[in-house]
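In: A structural model of the following input is requested.
(3 chains, ligands or ions: 2)
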Amino acid sequence: MESYHFNWNVIWRDWDALLGGLALGLEVAVYSLAIGMIIGQSCAFMMTAKSRLLRVPSRVYVTFLRNQPPLLLLFFAYFVLPRMGIRLGREESVILTLGLYAGAQLAEVFRGALVNIPRGIAEAGKSIGLTTFRVNLLVILPIMFRNALPALGNTFISLFKDTSLAAGIALAELTWQTRRISTETFAVMESWITACVLYVVTCTAISYALSYLENKLRIPR
Amino acid sequence: MTSQNRQTSGDLLIIENLHKSFGDLEVLKGVNLNVAPGDVVSIIGSSGSGKTTLLRCINLLEEFQAGRILIDGDEIGYRNSGGKRRLMSERAIARQRAMTGMVFQTFNLFPHLTAQANVTLGLRKVRRLPREEANEIARTWLARVGLADKADSYPAQLSGGQQQRVGIARAVAMSPKLMLFDEATSALDPELVGEVLSVIGDLANDGMTMVVVTHEMQFAREVSSRVVFMSEGLIGEEGKPEALFGNPKSQRLKEFLSRTRT
Amino acid sequence: MTELLSSLTEFLVAVRGAQPLLLSGLVKTAEAAILAILLGTAFGLIFGLMLVYGGKILRLAVKIYVDVARGIPGLVKIFTVYYLVNQLVIEATGYRMSAMLCGIIALAIHASAQIAEMTRGAIQALPRGQSEAGKAIGLTFGQIQFNVIFPQAIRQILPTWVTSAGEVVKGTTLLSLISVPEFFVAIKEAAAREYIFFSFYLFAMLVYFVIIYGIELFGRHLEARFNKY
Ligand SMILES: Nc1ncnc2c1ncn2[C@@H]1O[C@H](COP(=O)(O)OP(=O)(O)O)[C@@H](O)[C@H]1O
Ligand SMILES: [Mg+2]
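Out: Ligands and ions are numbered 1, 2, ... in the order given. You can find the predicted model right below:
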C-alpha cells in the first residue's frame, strides 16, 4: 500500500474558487433567511389568529415542511418543477427551497416569541388609540423580533450549513468546489480538511458576530 | 425516637474552632458550639453572618479549612493520616451525612418523584430497607406531618407549606441523630408558615435534637432550649431564650433584636 | 376529474411495479437511521457526561469535538468520512468502508454532537439544591446521578432528542449523494423509469412526513407519559 503524499498546492491553486464558493453559500443563506423571515412571521401571526381560515392552512404548511428532508425539496424544485413549466436556475432553486423550509422552522420560533408577549402590552397599545394593525406593526413585531433573535441567529447558521446541499444540484458553492477538487486531483485529505476548516471558522465567526449583535439589540432588563 | 433513649454521655454535637472561607472571604472565624442530646438550639443573626454556612458544614455540604466537628463522639468529614488533615472518602461522607437530616430553605424536593418516593429514596438506597418497610415508614412520617393523603402527589402539585413538610418527612424518616433546619419557613407565604413551624415544634417536643436557623423570634423563644446569636462568623452570645431575649448583653444583639422586633 | 383519476391509477400501477425497489430503499433508510440514532445517542450521552464531569483536558477535548462536529454541515461530514476518513482507514488497514458505513458514521457523529450538548445542558440546568438534597440524605455520587439527576435530565432531553432523531432521518437522504441505495435513490430511479416525476416526489414527501412527524408524535406521547409532575 502506497502511503499518501500531501500536496497543498492543489488547494492554493483553487483557493479563489473555494472562497468564491463560500461567499456564494453565505449569499444564498442571506436571501433564504430573508424569505424565511417573511414567511415565518406571516405564518406566526396566522397561526395565532382567531380565524380558522388563517390558522389551519398555516399550521398545515408549517407541519408539513418542517418534517421534510430539505434535499428532497431541493430536487423537487430543480428537477420536477421544470417539467410542470416552472423553470428556476440553480441558485434560485436553492434560495426558494431553503427559504420555504426555514420559513416553516421560523414560524414556530416566531409563534413562540409571540405568545410569550404579555396580553397587556397589546391592550396598552390599543388604549393609547393605536389600531390593531399598528399595534402589531409598532409594538408586537419589534418585541417578537427581539425575543426571537437568538433562535434567528441559529437558523441563519443552519441555513448556511444547509447551502452545502446545493452541491447535489451542482451549484458551485464550497462543498461542490471541494468535491470537484478532491475527485479531480485525488487530494482528498487536503480538500476535505480545507472545507471542514472553512466551514467551522465561518460558523464560529458568524456565531460570535451574532452574539455581539444580540447583546446590542437585547431589550435591557 | 432514637435520640430519646440514647445512652451517650456528653454532647451529641461538638463544634471546635470551626474556620471556613470562600476564597479570600472568611465566613466562619472559629465557631465553638456544643449541643446536648434533646437540645433544641436556635441560631439567630443578621443575614450574611454565616448561619447557613455553619449548618452546611455540619452536614458536610461544605468543606472547611480548620477545626473539628464531632457527632456522637465521632469526628466527621476529615481524618488525620500521618499528621495531615485529609477529606474522608465520598462513601464515608455519605454515610455520615445520613446521620444528620437537613431541611432546606428552598425545599429541594425531587420533582420527578412523588411525596412518598421522596421520603423512601434515602430509606431504600442508603439504609437499604426493603420496599415495604420503607413505604411503611414513609407513610407514617407523611401522616405525622399531616400529609397522609398526599403520598402520591408530585411536588409541583403541593403548596409551599406542604412541600416543606415533605422535606421534613424526608429528612426525619432517616432517623437522624440530629436535625438541621435552615430558615425552613422563609420561602413560604406568611399564611403557610404556621403549619411548618408546628411540625418542627412537634419534633422538638418529641425530644429530637435540632439546630434551627430561623428568623421567627417568637418560635425561637417558645421552642428552643438554647438560643445562639451569630455575628460576623462568630458566636456572639448564647443562652436560654428568656435570658438572651430578655436581657441581651452585647450591643450587637441589642441592635439586632430591636431591628427584628416588630 | 376523470383525468385525475386515470393519472392516479397510472401512478398506483407504477408504484406497484416499483415496489421491490422502493421497499429495499426504505429498509436501507431505516437501517441507516436506526443505527445512526443508536450510535449517536450512546456516544452523545457519554460525551455529554464527560462535558459535565470530566477533568479539564477531557472536557476541552470533547468540547472541541462537539464544536467542530456542529460547525461542519451534515453533507460535508458525509463526504469527509467517505473520502478522507476512508483514505486513512485504507492506509491503516487496507480495508475500504462501504458508502453505507461511511454515511452511518457521519450521521452518528452529527447526532452525537447534538446529544452531547443537550445532555450537558440538561444536567447543568438542574438546580444545585437537587444534588445537595441527595447528599443530605446520605446518597453517594453514583446514587445521586441515577436516582436524582438522570431521571430529571432525561425528561429535559427527550423533546430535543426526538428532534435529533428526525434530523437523522432527514439526513439519510444525503446518503443518496454517495450512492447508497436508500429510499430517495429508489424514488428517483422509479420516477425516471416510469417517467412519472411529480407523483413519485409527492409520494416520497408523504412517506418522509409520516416517518418524521410520526417520530415527533411518538416523542410527545412519551413526554406526556413522563411528565406527571
Ligand atoms: N458559595 C459561596 N461562595 C462565596 N461566598 C459565599 C458562598 N456562600 C456564602 N457565601 C458568603 O458567606 C457569607 C455568609 O453566608 P451565609 O452563611 O449564607 O449567611 P446567613 O445564612 O447567615 O445569611 C456571606 O457573606 C455570603 O456572601
Ligand atoms: Mg442563610
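
In: how much space separates the residue nearest to residue A:171 when sequence neighbours are not counted from ligand 1?
Out: Excluding the flanking residues, the one nearest residue A:171 by C-beta to C-beta, 6 or more residues apart in numbering or on different chains is residue A:90, at 4.3 Å. From N, CA and C alone the C-beta is placed, and that goes for glycine too. As for residue A:90, its distance to ligand 1 is 58 Å (criterion: C-beta to the nearest ligand atom, to the nearest Å).

In: hang on, residue A:90 packs against residue A:168?
Out: No: the pair residue A:90 / residue A:168 is not scored as a contact, 10.3 Å apart, by C-beta atoms under 8 Å.

In: so between the two, which is more surrounded?
Out: The residue with more neighbours, out of residue A:90 and residue A:168, is residue A:168; 20 against 17, by other C-beta atoms under 10 Å in any protein chain shown.

In: whether the host helix or strand of residue C:157 contacts chain B - can you check?
Out: Here residue C:157 sits within helix C:150-172, counting by DSSP states H and E. Yes: Helix C:150-172 reaches chain B (C-beta under 8 Å from any C-beta of the partner chain) through C:151, C:152, C:155.

In: for residue A:91, see how far away the first one is.
Out: If you measure residue C:151 against residue A:91 using C-beta to C-beta, to the nearest Å, the figure is 49 Å.

In: again, but for the last one
Out: Using C-beta to C-beta, we find residue C:155 at a distance of 44 Å from residue A:91.

In: show me where the chain has helices.
Out: Let's take chain A. Assigned by DSSP state H, chain A shows helices spanning A:9-13, A:15-47, A:52-66, A:70-75, A:90-115, A:119-127, A:132-135, A:141-162, A:174-185, A:188-217.

In: wait, I meant chain C there
Out: C:2-17, C:19-53, C:56-71, C:74-79, C:86-93, C:99-125, C:128-136, C:141-144, C:150-172, C:183-194, C:198-226.

In: circling back: okay, the helices of chain A in TSV with mean pLDDT next?
Out: Converted to TSV, the helices of chain A look like this (pLDDT from 0 to 100):
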stretch	mean pLDDT
helix A:9-13	88
helix A:15-47	96
helix A:52-66	95
helix A:70-75	97
helix A:90-115	95
helix A:119-127	75
helix A:132-135	78
helix A:141-162	90
helix A:174-185	94
helix A:188-217	92
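
In: turn those helices into JSON lines, including distance to residue C:46.
Out: Below are the helices of chain A laid out as JSON lines (distance: least, C-beta to C-beta, whole Å):
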{"stretch": "helix A:9-13", "distance to residue C:46": "35"}
{"stretch": "helix A:15-47", "distance to residue C:46": "33"}
{"stretch": "helix A:52-66", "distance to residue C:46": "30"}
{"stretch": "helix A:70-75", "distance to residue C:46": "29"}
{"stretch": "helix A:90-115", "distance to residue C:46": "29"}
{"stretch": "helix A:119-127", "distance to residue C:46": "45"}
{"stretch": "helix A:132-135", "distance to residue C:46": "50"}
{"stretch": "helix A:141-162", "distance to residue C:46": "25"}
{"stretch": "helix A:174-185", "distance to residue C:46": "30"}
{"stretch": "helix A:188-217", "distance to residue C:46": "22"}
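
In: any idea which of those helices gets closest to residue B:140?
Out: Comparing these against residue B:140 with C-beta to C-beta, the closest turns out to be helix A:90-115 (45.8 Å).

In: give me the distance between the residue at minimal distance from the centre of chain A and chain B.
Out: Geometric centre of chain A, nearest residue: residue A:159, 3.2 Å, by C-alpha atoms, centre = their mean. Using C-beta to the nearest C-beta, to the nearest Å, one gets 37 Å for the distance from residue A:159 to chain B.

In: so how far is ligand 1 from that residue?
Out: Look at residue A:159 and ligand 1: by C-beta to the nearest ligand atom, they are 42 Å apart.
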